[in-house]
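>>> No sequence on hand, only this structure:
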């Protein structure tokens, strides 16, 4: 199952729940309020005291219904007001005053409802554009890429926008599978623009450059030309140039977690510190290339700061290493899904920073062969070796 499919399912469930609330709970609540006021007026023998509260019906309807629904609720409120006024024997002038206030509230509510509907349509258009931008920026990752099984989870802190400053990409190239996971400083549209720049340069350089450090240099030069003095991107760039060998370049990013055959989890610390991408001109440090053995059954988890810096109510950080050890399995999708669910439970359901998880697993040749047959190419998968 791909990240795109999971994201689509979550989005669909959210839309169905929202639709239910608007279509069922929204229209019924104003009518329920009018019914309560009518019953109080009929059986409470309170005279005209409760009639001014009838304006709450169309006022509330303006927040949940369209203009037609507001007018219907206002008409119902007027009928209830006239009926209760006549039953109480109220003077015609008092009943007329109540009905006039109901008409005024209904007309104002209808106008407010029309304006709200227009804003909601604009917001829906913006969300659809943001979703399209996410699919263009963070292309769906297939369940298998080259010799690897892959699973991804991504959550933007701005949940309604569904897009943020974390980035990831994984592409087959003539020099083996290459990938990047990174975190742009800041949030919002500037971070999204920087993420798009990094991913665009990476996808081209990963295919063109035989040396992984040259790929990093291409990204660094591009960011140096386009970023401000305070902007930067932390990232891990990895490659699999030959069987059993994994290359890593860490540019100020959180260390990946390597899971060996014994299922022990170890952080892959960089051999020498390196600045984030975009800041190399401020220091004499340069990224170094690490070469790790990566055999059948090994797994590598890459993530962003939003995962390890997520806090619970007691201000305790999420223990990613323990979470990986607890949920580790031979199915990357199951492992990453369980970690992601536990992460959300840890923070109470809402992340305060973008968070990305990408798990890479090298299955045995016997297990990978039938899996490759079962998994068709997904949108965003490479065709002919070049990015689509």
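Sure thing, it's come through. Source: prediction; values computed, not measured.
>>> part of a strand, is residue 179?
Yes. Counting by DSSP: H, G, I helix; E, B strand; the rest coil, residue 179 is part of a strand.
>>> Numbering from 167 from now on, please.
New numbering, starting at 167: the last item is residue 345.
>>> State whether it and residue 404 are indeed in contact, as I suppose.
Yes. Counting by CB atoms under 8 Å, residue 345 does reach residue 404; the two are 5.2 Å apart. From N, CA and C alone the C-beta is placed, and that goes for glycine too.
>>> what touches both of these two?
468, 526 (CB atoms under 8 Å, 6 or more residues apart in numbering).
>>> Counting neighbours, go ahead and name the busier of the two.
Regarding residue 345 and residue 404, a neighbour count based on other CB atoms under 10 Å identifies residue 404 as having more, with 26 against 23.
>>> Specify the beta-bridge partners of the more buried one.
residue 345, residue 414 (DSSP bridges).
>>> next one: residue 465
residue 425, residue 527.
>>> burial measure for it, as a count.
Using other CB under 10 Å, residue 465 has 24 neighbouring residues.
>>> Correct me if wrong: it contacts residue 526.
Yes. Under the criterion of CB under 8 Å, residue 465 makes contact with residue 526 at 6.5 Å.
>>> shared neighbours of the two, which are they?
With CB under 8 Å, 6+ apart as the test, residue 465 and residue 526 both reach residue 498.
>>> what's the spacing between the strand or helix carrying residue 290 and its chain's center?
In the assignment (DSSP states H and E), residue 290 maps to helix 258-303. How far helix 258-303 lies from its chain's middle: 27 Å, per CA atoms, centre = their mean, to the nearest Å.
>>> That helix: what's the following helix or strand?
strand 310-311.
>>> now the angle between helix 258-303 and the helix or strand encompassing residue 224, please.
If you go by DSSP H and E, residue 224 is part of helix 222-230. On the basis of axes from the mean of the first three to the mean of the last three CA atoms, to 10 degrees, helix 222-230 is oriented at 10 degrees to helix 258-303.
>>> Quick one: distance of helix 222-230 to the chain centre.
32 Å.
>>> which of the residues in that helix are buried?
223-228, 230 (16 or more other CB atoms under 10 Å).
>>> Who are the packing partners of the next helix or strand after that helix?
Toward the C-terminus, helix 222-230 is succeeded by helix 233-254 as the next helix or strand (DSSP H and E). In terms of contacts (3 or more CB pairs under 8 Å, 6 or more residues apart in numbering; DSSP states H and E), helix 233-254 is packed against helix 192-209, helix 222-230, helix 258-303.
>>> Quick one: distance of helix 233-254 to the chain centre.
With CA atoms, centre = their mean, you get 44 Å for helix 233-254.
>>> Also compute the angle for that helix relative to helix 222-230, please.
Using the same axes, to 10 degrees: helix 233-254 against helix 222-230 is 170 degrees.
>>> show me where the stretch 317-466 of the chain has helices.
With DSSP state H, counting those that start in this stretch as the criterion, the stretch 317-466 of the chain has helices at 354-374, 378-392.
>>> Can you tell me which of these has the worst average pLDDT?
Mean pLDDT is lowest for helix 354-374 among these, at a mean of 88.
>>> Can you give me the buried ones in it?
By neighbour count on 16+ other CB under 10 Å, the buried set for helix 354-374 is 357-358, 360-365, 367-369, 371-373.
>>> next one: that helix to chain centre, how far?
On CA atoms, centre = their mean, the centre of helix 354-374 falls 19 Å from the chain's centre.
>>> next one: stretch 367-379
The chain centroid and the centroid of stretch 367-379 are separated by 28 Å, computed with CA atoms, centre = their mean.
>>> In this protein, where is pLDDT below threshold?
167-193, 210-214, 216, 295-302, 324-330, 353-354, 531-554 (pLDDT under 70).
>>> How far does stretch 447-466 stretch from one end to the other?
From its first residue to its last, stretch 447-466 covers 30 Å (CA to CA, to the nearest Å).
>>> what's next to that stretch, contact-wise?
Contacts for stretch 447-466 (CB under 8 Å, 6+ apart): 378-379, 382, 390, 404, 406, 410-417, 422-427, 434, 436-441, 446, 494, 496, 498, 501, 525-531.
>>> ok, and for that stretch, which residues are buried?
453, 456, 460, 462-466.
>>> again, but for stretch 309-318
Going by neighbour count (16+ other CB under 10 Å), the buried part of stretch 309-318 is 309-318.
>>> Can I get these in TSV including distance to residue 350?
As requested, those are exported to TSV (distance: CB to CB, whole Å):
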residue	distance to residue 350
309	27
310	28
311	23
312	27
313	30
314	25
315	27
316	22
317	22
318	17
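>>> which among those gets closest to residue 248?
Residue 248 has its nearest neighbour among the buried residues of stretch 309-318 in residue 318, at 61.5 Å by CB to CB.
>>> From residue 379, how far out is that closest one?
Distance of residue 318 to residue 379, computed by CB to CB, to the nearest Å: 25 Å.
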